[in-house]
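S.K.: Got a sequence here, can you build the structure:
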Amino acid sequence: MYFFFRCAAWLVPHLPRWFSNVLPDIIGPLAWLLATRARRQARRNALHVLGTETQSTATGRRKLRRVTRGMFRQNVSNYLDALLMPFIKQQDILDQVIIANAICLEEALALGKGVILFTPHFGPFERTSPWFSTHGYHVTIPVERLKDERMLNLMLKLRNSGGATYVPLGGSTPLRTIIQALRQNQMVLFTTDRAVEGESVVVDFFGAPARLPIGPVHLSLRTGAPLVSAFGWYTARNKIGGSFSHLTLALSEEERQRPEAVEAALIKSMEQVISKHPEQWMVFAPIWLEPEGAEAL
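M.R.: Model prediction:
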């Protein structure tokens, strides 16, 4: 896999832009067809979002297939964006990425305790992360540590070229980096729809028990850094919309002191954005606690 991505990191930037733009439409369906295990899990996850009744009609089954294929297309698109990251120009970000309610960042930063952003594995994540540096913000993004250190270092080099600081999880060093960023009144962005490492909790997610991370909520309570949602999505080909919104600052003083109330509000905000664009949600691993021995939904 490393050598494939190493070659792709050299090749993709040399391709005509029109061709790299259509590659997700070519590779995405192919990956959907060949990656049978990932396809089955993506289908399970999509059914939790769409509802099991989706399978009861031909129209529903076509929608499920379209959404699942869209998840693969979005995933391929993000990998291509990562490969192109060193060559993305600031003006491209300014022209393509329109994020609403950026005032939420200024209001949260005004408290002087840093900001904890949260988002699901959703939308054009790689294309939106440079938005922060383009607008003068510094953001630290913890990511899953890959088993292949060569692959990890390659992806970190590509992603960090966009201006954000990506740090691999594991050990005490990432936590120190995160705490330092907050103390410097900077932002830290977590993905909160899949428990990878650290504290987690079983909660209702789209009406069924799922294991999700609780660390960002506890970190907010511990440091006083407010939680702010950061969602981005494709509105058209190569046009990206998105929005920030307050989470903890929108809760009552009593609610923001209770981890379960904050987590419930966080989950509700993720459910709303994923429901609007389910084909742009990219989780190919189990999230929900399925009954032992149960067949796919």
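
S.K.: for the record, mean pLDDT for whichever strand or helix holds Glu263?
M.R.: For Glu263, the element it lies in under DSSP states H and E is helix 259-276. In this model, helix 259-276 carries a mean pLDDT of 97.

S.K.: Look up how far Arg6 lies from the residue lying closest to Asn78 once chain neighbours are set aside.
M.R.: Take Asn78 and drop its neighbours on the chain: the residue closest to it by C-beta to C-beta, 6 or more residues apart in numbering is Glu126, 4.8 Å away. From N, CA and C alone the C-beta is placed, and that goes for glycine too. In this view, Glu126 and Arg6 are 18 Å apart by C-beta to C-beta, to the nearest Å.

S.K.: Quick check, central residue of the chain?
M.R.: For the chain, the residue whose C-alpha lies nearest the mean C-alpha position (C-alpha atoms, centre = their mean) is His121; its distance is 2.6 Å.

S.K.: which residue sits closest to it, ignoring its sequence neighbours?
M.R.: In space, His121 comes closest to Met282 once its chain neighbours are excluded; the distance is 4.8 Å by C-beta to C-beta, 6+ apart.

S.K.: I'd say that neighbour and Phe122 touch.
M.R.: Yes - the pair Met282 / Phe122 is scored as a contact, 6.9 Å apart, by C-beta atoms under 8 Å.

S.K.: got the angle for the longest strand seen in the chain vs helix 259-276?
M.R.: When the chain is scanned for its longest strand (criterion: DSSP state E), the result is strand 227-236. For strand 227-236 against helix 259-276, the angle by axes from the mean of the first three to the mean of the last three C-alpha atoms, to 10 degrees is 0 degrees.

S.K.: for the helix or strand just after strand 227-236, packing partners?
M.R.: Once strand 227-236 ends, the next helix or strand along the chain (criterion: DSSP H and E) is strand 239-246. Taking 3 or more C-beta pairs under 8 Å, 6 or more residues apart in numbering; DSSP states H and E as contact, the helices and strands that strand 239-246 lies on are strand 97-100, helix 103-109, helix 125-128, strand 227-236.

S.K.: Name the stretch among those that sits most buried.
M.R.: Comparing the helices and strands packed on strand 239-246 by mean neighbour count (mean count of other C-beta atoms under 10 Å), helix 125-128 ranks first with a mean of 23.

S.K.: Give me the next element, helix or strand, following that helix.
M.R.: Past helix 125-128, the next helix or strand by DSSP H and E is helix 130-134.

S.K.: how far out from the middle of the chain is that following helix?
M.R.: 16 Å (C-alpha atoms, centre = their mean, to the nearest Å).

S.K.: How about stretch 70-81?
M.R.: A distance of 12 Å separates the centroid of the chain from that of stretch 70-81, by C-alpha atoms, centre = their mean.

S.K.: Please save the CA atoms from it in PDB.
M.R.: Extracted in PDB, the C-alpha atoms of stretch 70-81 (Å, rounded to 0.1, in the frame of the first residue of the first chain):
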ATOM      1  CA  GLY A  70     -21.300   7.600  -2.900                       C
ATOM      2  CA  MET A  71     -19.400   6.800   0.300                       C
ATOM      3  CA  PHE A  72     -16.700   5.100  -1.700                       C
ATOM      4  CA  ARG A  73     -16.600   8.000  -4.200                       C
ATOM      5  CA  GLN A  74     -16.200  10.500  -1.400                       C
ATOM      6  CA  ASN A  75     -13.500   8.500   0.200                       C
ATOM      7  CA  VAL A  76     -11.500   8.300  -3.000                       C
ATOM      8  CA  SER A  77     -12.000  12.000  -3.600                       C
ATOM      9  CA  ASN A  78     -10.500  12.700  -0.100                       C
ATOM     10  CA  TYR A  79      -7.500  10.600  -0.800                       C
ATOM     11  CA  LEU A  80      -6.900  12.400  -4.100                       C
ATOM     12  CA  ASP A  81      -7.200  15.700  -2.200                       C
END
